[in-house]
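Chemist: sequence and predicted model, in that order:
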Amino acid sequence: MLDIRLIREKPDFVRERLATRGGGDEARVDELLRIDAQRRKAETALQALNAERKKLSKDIGTKRSRGEDSTELENRVRQIGDDIALLNEQTSAADHQQRDLLLQIPNLPHAAAPVGRDASANPTVRAWGSKPQLANVLDHVALGTKHKLFDMERAAKLSGSGFICFTGAGARLERALIQFMLDLHTREHGYTELSPPFLVRRECMVGTSQLPKFEADMYGLEDGQLFLAPTAEVPVTNFHRDEILRADELPKKFVAYTPCFRREAGSAGRETRGIIRVHQFDKVELVKITAPENSYAELESLTANAEKVLQLLGLHYRVIELCTGDLGFGSAKTYDLEVWSPGQNAYLEVSSCSNFEDFQTRRMNLRCKGTDGKNRFCHTLNGSGLALPRLFATLIECGQTADGTIRLPEKLQPYFGAAEIR
RNA sequence: GGUGAGGUGGCUGAGUGGUCGAAAGCAGCGCUUUGCUAAAGCGCCGUACCCCAAAAGGGUACCGAGGGUUCGAAUCCCUCCCUCACCGCCA
């Protein structure tokens, strides 16, 4: 959520930054300014009336205690009460209107973000490794079928299309990857492991900005209050919601494994083959809560932490920075990690590392006390470390050998319990 | 799911209709005293928003959340959330 004061004081700046996203949100600034002015006007009038009522009510108390007649005062206060009720309604209506609108407006892209319309304008920041030389490449679907690593048809029988059921060695490989990544981030990178609930309240979804705008993409329970978490970002970032953290306990670094549930409404057709895009997938997520001045340095290290997974698995990848038009709703700056999939003959996004600055903490009222004793909104960051299905797919594709076995990276072998899948 | 007891400032905890944004204690900050530490004394010590060009200053709201009663609500009533205890059910 943007700061209404920033919008009030620098409307042109806000319009200009929003315009770089290409979503047309800059057009809402004027509406917001109008509501803000209304709100403040009503609030000022309301406060004046409240002050008067407060004073007169005390006078009534005084008069009564002296045994004097206070009927006239009471009538006056009663009248003020009616006016207050009216103004109160106006004030809270304007207040809600303002908040509702603010919740719909995306974050401002970082000043240095590459400006562009869509993914084609995303610059590559760096790359690691090189494409493997493979002959007669089978893609992950063929490999998975051949080695019985997952069963798409039976998963559809259970839950419909877009679901996957890992089987046998495939299920074990999935589990090994999760364990491997959790160990790496907790032991080598200093993250605290969280195992959060997968169902989260509506407020949490608003806090991390999945709601109100993207409700159609979420799985909600019937009561409308609980949602299946679309990413561990939601429960983990909201862990400290409504708190004031001490400066000396920052940054908070959390890692969590959870399944992720997404309707992916309207996304069928592209990049949906096999297990590339499903309604439920596993992910290990990194989350940081930082002091405002450190968040960009923390984004670099968080991204490096995610990259480390791919490096240890020996998978070729590139890091791209999202341009303004491709940036997620709440993010000010995002790096995507894309791993090379020989089967898809394409790079696949396996991680998205973002700095939300105070966009989320404003929504969830998460602050920290500065050394000057003043409360400030923390900055939040998150990144996949990593998403499982695409990593799984790439791993088996890259591990395929001429003799038909799938060779696993050395680092993973102790977790899987074998060097290869036969 | 049922019954009962609760939710007050960083913490403990008083407060059942008016002068209560809220006693007191602890923690924290400043000053005084002191050879150091300690102790004692004094003062300060919540958050958000509004007015003001800004500062100074002034004001309003907030005692789990939201409604209601009342001239006036931390205090009375209703709904919800949460915590604790016991019962039921259950991996």
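Modeler: Received, thanks.
Chemist: can we go C-alpha only for contacts and neighbour counts from here?
Modeler: Fine.
Chemist: now the closest residue to RNA strand B within the stretch 301-422 of chain A. Nearest residue, chain neighbours left out?
Modeler: Residue of the stretch 301-422 of chain A nearest RNA strand B, by C-alpha to the nearest atom of the strand: residue A:375 (5.3 Å). Closest residue in space to residue A:375, ignoring its immediate chain neighbours: residue A:369 at 4.5 Å, by C-alpha to C-alpha, 6 or more residues apart in numbering.
Chemist: cool, and residue A:356?
Modeler: Nearest residue to residue A:356 in three dimensions, chain neighbours excluded: residue A:331, at 4.5 Å (C-alpha to C-alpha, 6+ apart).
Chemist: ok, that neighbour touching residue A:352?
Modeler: No - between residue A:331 and residue A:352 there is no contact under C-alpha atoms under 8 Å: 10.4 Å.
Chemist: just the helices from the stretch 201-350 of chain A, written as ranges.
Modeler: In the stretch 201-350 of chain A, the segments counted as helices under DSSP state H, counting those that start in this stretch are A:202-207, A:233-237, A:295-312.
Chemist: residues in contact with residue A:16?
Modeler: Taking C-alpha atoms under 8 Å, 6 or more residues apart in numbering, we find residue A:16 in contact with residue A:26.
Chemist: for my notes, confirm it occurs in a helix.
Modeler: Yes - assignment of residue A:16 by DSSP: H, G, I helix; E, B strand; the rest coil places it within a helix.
Chemist: gap between it and residue A:23?
Modeler: Distance of residue A:16 to residue A:23, given as C-alpha to C-alpha, to the nearest Å: 12 Å.
Chemist: same check, this time on residue A:324
Modeler: Taking C-alpha to C-alpha as the measure, residue A:324 falls 10 Å from residue A:23.
Chemist: which pLDDT value does the model give the closest residue to residue A:338 other than its chain neighbours?
Modeler: Once flanking residues are discounted, residue A:338 sits nearest to residue A:349: 4.3 Å by C-alpha to C-alpha, 6+ apart. In this model, residue A:349 is scored at 94, pLDDT.
Chemist: what about residue A:349, how many neighbours?
Modeler: Using other C-alpha atoms under 10 Å, residue A:349 is surrounded by 20 other residues.
Chemist: circling back to that earlier point, which residues touch the residue nearest to residue A:356?
Modeler: Residues near residue A:331 by C-alpha under 8 Å, 6+ apart: A:107-109, A:354-357, A:359.
Chemist: hmm, try it at 7 Å
Modeler: By C-alpha atoms under 7 Å, 6 or more residues apart in numbering, residue A:331 lies in contact with A:107, A:354-356.
Chemist: nearest to residue A:288, of these?
Modeler: Lowest distance from residue A:288 to the contacts of residue A:331 (C-alpha to C-alpha) belongs to residue A:355, with 9.2 Å.
Chemist: the closest one: which element?
Modeler: Assessed by DSSP states H and E, residue A:355 sits inside strand A:346-357.
Chemist: quick check: bridge partners of residue A:368?
Modeler: Taking DSSP bridges as the rule, residue A:368 bridges to residue A:245, residue A:376.
Chemist: show the pLDDT at it.
Modeler: Per-residue confidence at residue A:368 stands at 86 (pLDDT).
Chemist: am I right that it is in contact with residue A:374?
Modeler: No - in this structure, residue A:368 is not within contact of residue A:374 by C-alpha atoms under 7 Å, at 8.2 Å.
Chemist: higher neighbour count, these two?
Modeler: Of the pair residue A:368 and residue A:374, residue A:368 is the one with more neighbours under other C-alpha under 10 Å, namely 24 against 9.
Chemist: which of residue A:324 and residue A:23 has more neighbours?
Modeler: Taking other C-alpha under 10 Å, residue A:324 and residue A:23 do not tie; residue A:324 has more neighbours (31 against 13).
Chemist: tell me who's in contact with the more buried one.
Modeler: Contacts of residue A:324 by C-alpha under 7 Å, 6+ apart are A:20-21, A:109, A:113-116.
Chemist: out of those, flag the one nearest to RNA strand B.
Modeler: Once C-alpha to the nearest atom of the strand is applied, the member of those that ends up nearest RNA strand B is residue A:109, at 22.2 Å.
Chemist: and the closest one, what helix or strand is that in?
Modeler: Applying DSSP H and E, one finds residue A:109 in no helix or strand.
Chemist: okay, now it: neighbour count?
Modeler: Quick note: residue A:109 (other C-alpha under 10 Å) scores 27 neighbours.
Chemist: got the residue ranges for the strands in the stretch 51-200 of chain A?
Modeler: Along the stretch 51-200 of chain A, counting by DSSP state E, counting those that start in this stretch, strands occupy A:124-128, A:192-194, A:199-201.
Chemist: now the second one, how far from the centre of its chain.
Modeler: The reference is to strand A:192-194. Strand A:192-194 has its C-alpha centroid displaced from the chain centroid by 17 Å (C-alpha atoms, centre = their mean, to the nearest Å).
Chemist: likewise the longest one?
Modeler: Its chain's C-alpha centre and that of strand A:124-128 lie 24 Å apart, by C-alpha atoms, centre = their mean.
Chemist: now do that strand against helix A:295-312, angle only.
Modeler: Interaxial angle, strand A:124-128 versus helix A:295-312 (axes from the mean of the first three to the mean of the last three C-alpha atoms, to 10 degrees): 30 degrees.
Chemist: who are the packing partners of strand A:124-128?
Modeler: Counting contacts by 3 or more C-alpha pairs under 7 Å, 6 or more residues apart in numbering; DSSP states H and E, strand A:124-128 packs against strand A:317-321.
Chemist: close to RNA strand B: what parts of chain A are there?
Modeler: Chain A has residues A:40-41, A:43-44, A:46-48, A:50-55, A:57-62, A:64-65, A:74-75, A:77-78, A:81, A:373-376 near RNA strand B, with proximity defined as C-alpha under 7 Å from any atom of the strand.
Chemist: mind listing which of those are in helices?
Modeler: If you go by DSSP state H, these have A:40-41, A:43-44, A:46-48, A:50-55, A:57-62, A:64-65, A:74-75, A:77-78, A:81 in helices.
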